[in-house]
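**Q** sharing a model prediction with you, sequence too.
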Amino acid sequence: MSEEAAALQELTEQKYKYGFVSDIESEFAPKGLNEDVIRFISAKKNEPEWMLDYRLSAYRRWVNMEEPSWAKLHYPKIDFQDAYYYAAPKAKEGPHTLEDVDPELLRTYEKLGIPLHEQEVLAGVEQRRVAVDAVFDSVSVVTTFKDELAKVGVIFCPISEAVHSHPELVKKYLGSVVPDTDNFYATLNAAVFSEGSFVYIPPGVRCPMELSTYFRINAAKSGQFERTLIIADAGSYVSYLEGCTAPQRDENQLHAAVVELIAMDDAEIKYSTVQNWFPGDENGKGGIYNFVTKRADCRGKNSKVSWTQVETGSAITWKYPSCILRGENSVGEFYSIAIANNYQQADTGTKMIHLGKNTSSRIISKGISAGKAQNTYRGLVSINARADGARNFTQCDSLLIGDQCGAHTVPYIQSKNPKAILEHEATTSKISDDQLFYCLSRGIPTEEAVSLIVNGFCREVLQQLPMEFAVEAQKLVGLSLEGSVG
Amino acid sequence: MLEIKDLHVNVHGKEILKGLNLKVPPGEVHAIMGPNGAGKSTTSYTLAGRAGYEVTKGEIDFFGEDVTALAPEERAARGIFLAFQYPLEIPGVSTMNFLKTAMNSQAKIRGEKELNAAEFLRAVRAAAKELNISEDMLKRPLNVGFSGGEKKRNETLQMALLKPKLAILDEMDSGLDIDALKLVAEGVNKLRSPDRSFLVITHYQRLLDYIVPDVIHILAGGKIVLSGDKSLALQLEQNGYDAVIAKAA
């Protein structure tokens, strides 16, 4: 190993900065999973009968399902009975305002750099405001700007609240994109989901600010099962961001989320993720198992959904944000940066299902592997026989740092329409010693050089992020690779 | 200001430099010429501090400080600049961004204040104008799709902004046609000043028609075998390396 390589390796073995644990008294469901636990969760949320039935039916199905094993991921068998499916900070009853929130919780969000005061803005950028729903383990702590958003008819609240305040919308759309029969983890989520955000943008409304949800897993031995549902009605627009962090723990923790997006005629949803779950330590100990089902239904004509993800965390990532392009002229986009360092494993990509005429999709995937990590892009582009004029462009680039990691690309293409136009490009490259030395010789230290080169590699994707988060993501890309080149 | 004393350097366990001695006073332009395999590139990489170029004996003094053990970025911050024979491409990173990162990193190492966006922009624009470099080139990803001439002019631009005290030009003429070479040399000549020295490393004499050196050294077998004024280059051109080196020995 050259000296540069050694320096790089040292650099990527950096510590996870969100690994602290908040000392908060929590209330748990009994350990393990059975119908009683589901009834417990449902009762905690004071849910109506139909919601409990939905959960129980999913649970009964799940019991007979098997974990998928097709992904290029290796991990010990998960004991689903050895976890808590509900954990919540003990708090006063009633609606949450900032004054009600436990100061320790507020300190936690302060440490994470997440603004919960409505007058505050994210890290020094312009006076643009961001509404935040803060989810801590299994409950939402607070949702900001709710009243102001309500003035233009935008509903932004925890999903457990939406079940009560907007049951007609929840009943109509929940499970309409990702049915409770969809897959092992989605079915599990349907049975035990505890919190997540609900967004409804009424016809013709352009949501006046960025909406975001920050997920924090805190309690030990607990899983988080978030459920997010976003509906953009005809002619509306919304930009939504989710962020995630978790304490540094020796055991693996499960996170199985379901996100459903629905875009009606001429509506547009921009969904960005900065996923920074604890990735495990440099020896591969601990870290989050992240099994997520994210899907968008471009139901209306001219609708558009754009997924942008920056995946830097988790020990295991299993995640394929997808678009069903049902409406004529609908557009699906997927921009992804997946970084895997040390012993992380990522199997991520997208599915673009072209059903409607003149639908188009664009996939830009940037995978970065360092340390002993394995990074797989897995994607499907499917063109239905009736999808005349469908087009797809796919670009998969992999960057290897060091010689002990792996990058894999598994693109599936199924076209039943001879007139469809499909393009696929793929590249694999390495950060060379020459490139590094070039930077060093200009006075740029190794750490910054790697960050510079990797950010350059990811540029097309970083550009897609809302400005407020692009800076944050850029830093994160650098941090995630500290100590990585070898 | 630069003084190399009895420098021995191993690359992959093989001794390439075998007792190099060289002194370059401030403001002077020194050329190092030599046949293939004489140790020319090794000299430039060793001065810049590249990993894998192991100094087994001797030292490199720069303004009285022994920099032999310093990291490349530390040397850069002290004013040693290497213009590459083959400048590297960095996709997705604009020349502008690269320059800013480099200038600020050096300022940080020296404990100086970093430039703000406006100051930086002003400095880059002025330097680019002086060297006839278009705004477009500054925005393109560093060296990606650049012609040979553009890459070398970009090296010159970096030199202009980083303001080194010693600029090492490693085979500046390789890959350039005569027009491009003239343009690059013109840029370099604009940067000559009493407090900046140059070490021009080249195989061919033709570069020295455009960047005229004060002293020429001939490197052979890992050490300087002959030094003289610019007429030495002409002797080489006429008689070839073998004859000149044989005579010196």
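**A** Great, that's in hand.
**Q** ramachandran coordinates for whichever residue of chain B sits closest to chain A?
**A** Going by Cβ to the nearest Cβ, chain A is nearest to B:G92 of chain B, at 3.0 Å. Just so you know, the C-beta spots here come from the backbone N, C-alpha and C atoms, and that holds for glycine as well. When read as degrees, to the nearest 10, the backbone of B:G92 gives phi 80, psi -10.
**Q** quick check: residues of chain B near chain A?
**A** For chain B, the residues in contact with chain A (Cβ under 8 Å from any Cβ of the partner chain) are B:48-52, B:71-73, B:76-77, B:81-82, B:84, B:87-93, B:97-98, B:101-103, B:105-106, B:109, B:141, B:158, B:162.
**Q** from those residues, which ones fall inside strands?
**A** B:81-82, B:90-93, B:141 (DSSP state E).
**Q** what's near enough to touch residue 180?
**A** By default, I'm working from chain A. Shown in contact with A:D180 (Cβ atoms under 8 Å, 6 or more residues apart in numbering or on different chains): A:54, A:57-58, A:61, A:186-187, A:190-191.
**Q** the chain in question should be chain B.
**A** B:147-149, B:152.
**Q** again with A:N358
**A** When contacts are counted by Cβ under 8 Å, 6+ apart, A:N358 touches A:328-329, A:388-390.
**Q** just A:S336 next, same as before
**A** A:307-311, A:348-350, A:364-367, A:461.
**Q** of these - the most surrounded one?
**A** Highest neighbour count within the contacts of A:S336: A:V310, with 30 neighbours (other Cβ atoms under 10 Å in any protein chain shown).
**Q** identify the bridge partners of that residue.
**A** A:V274, A:I337 (DSSP bridges).
**Q** wait, isn't it in contact with A:G243?
**A** No: contact criterion Cβ atoms under 8 Å: A:V310 and A:G243 do not qualify, at 9.7 Å.
**Q** which residues of chain A fall in helices?
**A** Counting by DSSP state H, one finds helices in chain A at the ranges A:3-12, A:35-44, A:49-62, A:103-112, A:146-151, A:159-165, A:167-173, A:184-192, A:433-441, A:446-457, A:459-462, A:467-480.
**Q** I'd like the ones you listed laid out as JSON lines, including mean pLDDT.
**A** Shown next, in JSON lines, are those (pLDDT from 0 to 100):
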{"stretch": "helix A:3-12", "mean pLDDT": "50"}
{"stretch": "helix A:35-44", "mean pLDDT": "91"}
{"stretch": "helix A:49-62", "mean pLDDT": "94"}
{"stretch": "helix A:103-112", "mean pLDDT": "74"}
{"stretch": "helix A:146-151", "mean pLDDT": "88"}
{"stretch": "helix A:159-165", "mean pLDDT": "92"}
{"stretch": "helix A:167-173", "mean pLDDT": "95"}
{"stretch": "helix A:184-192", "mean pLDDT": "94"}
{"stretch": "helix A:433-441", "mean pLDDT": "95"}
{"stretch": "helix A:446-457", "mean pLDDT": "90"}
{"stretch": "helix A:459-462", "mean pLDDT": "88"}
{"stretch": "helix A:467-480", "mean pLDDT": "75"}
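**Q** number of nearby residues for A:R60?
**A** A:R60: 13 neighbours (other Cβ under 10 Å).
**Q** ignoring the adjacent residues along the chain, who's closest to residue 41?
**A** Picked chain A for this. Spatially, and ignoring its direct neighbours in sequence, A:I41 is nearest to A:Y86 (5.0 Å; Cβ to Cβ, 6 or more residues apart in numbering or on different chains).
**Q** let's do chain B instead
**A** B:S41 sits nearest to B:D170 (Cβ to Cβ, 6+ apart), 6.4 Å away.
**Q** check contacts around the residue nearest the centre of chain B.
**A** By Cα atoms, centre = their mean, chain B has its centre lying nearest to B:I168, at 1.8 Å. Contacts for B:I168 were tallied using Cβ under 8 Å, 6+ apart; they are B:44, B:47-48, B:80-83, B:198-199, B:201.
**Q** apply 7 Å and report the result again.
**A** B:44, B:47-48, B:81-83, B:199, B:201 (Cβ atoms under 7 Å, 6 or more residues apart in numbering or on different chains).
**Q** ok, and the most crowded of the residues you listed?
**A** Neighbour max across the contacts of B:I168 (other Cβ under 10 Å) = B:L82, 28 neighbours.
**Q** for it, list each beta-bridge partner.
**A** Listed beta-bridge partners, B:L82: B:I168 (assigned using DSSP bridges).
**Q** please report how far it lies from B:S44.
**A** Distance, B:L82 to B:S44, by Cβ to Cβ, to the nearest Å: 6 Å.
**Q** ok, longest strand in chain A?
**A** Assignment by DSSP E gives strand A:287-298 as the longest strand of chain A.
**Q** partners of that strand, with directions?
**A** Checking strand A:287-298 against DSSP bridges gives partners strand A:252-255 (parallel), strand A:258-263 (parallel), strand A:316-319 (parallel), strand A:322-325 (parallel).
**Q** can you show me the CA trace of that strand as PDB?
**A** Extracted in PDB, the C-alpha atoms of strand A:287-298 (Å, rounded to 0.1, in the frame of the first residue of the first chain):
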ATOM      1  CA  GLY A 287     -25.300  -0.400  12.500                       C
ATOM      2  CA  ILE A 288     -28.800  -0.200  11.100                       C
ATOM      3  CA  TYR A 289     -30.400  -2.800   8.900                       C
ATOM      4  CA  ASN A 290     -32.400  -0.600   6.500                       C
ATOM      5  CA  PHE A 291     -35.100  -2.400   4.500                       C
ATOM      6  CA  VAL A 292     -37.200   0.100   2.800                       C
ATOM      7  CA  THR A 293     -39.900   0.100   0.200                       C
ATOM      8  CA  LYS A 294     -40.400   3.400  -1.500                       C
ATOM      9  CA  ARG A 295     -42.700   3.800  -4.400                       C
ATOM     10  CA  ALA A 296     -44.400   6.600  -6.300                       C
ATOM     11  CA  ASP A 297     -47.500   6.300  -8.400                       C
ATOM     12  CA  CYS A 298     -47.500   8.900 -11.200                       C
END
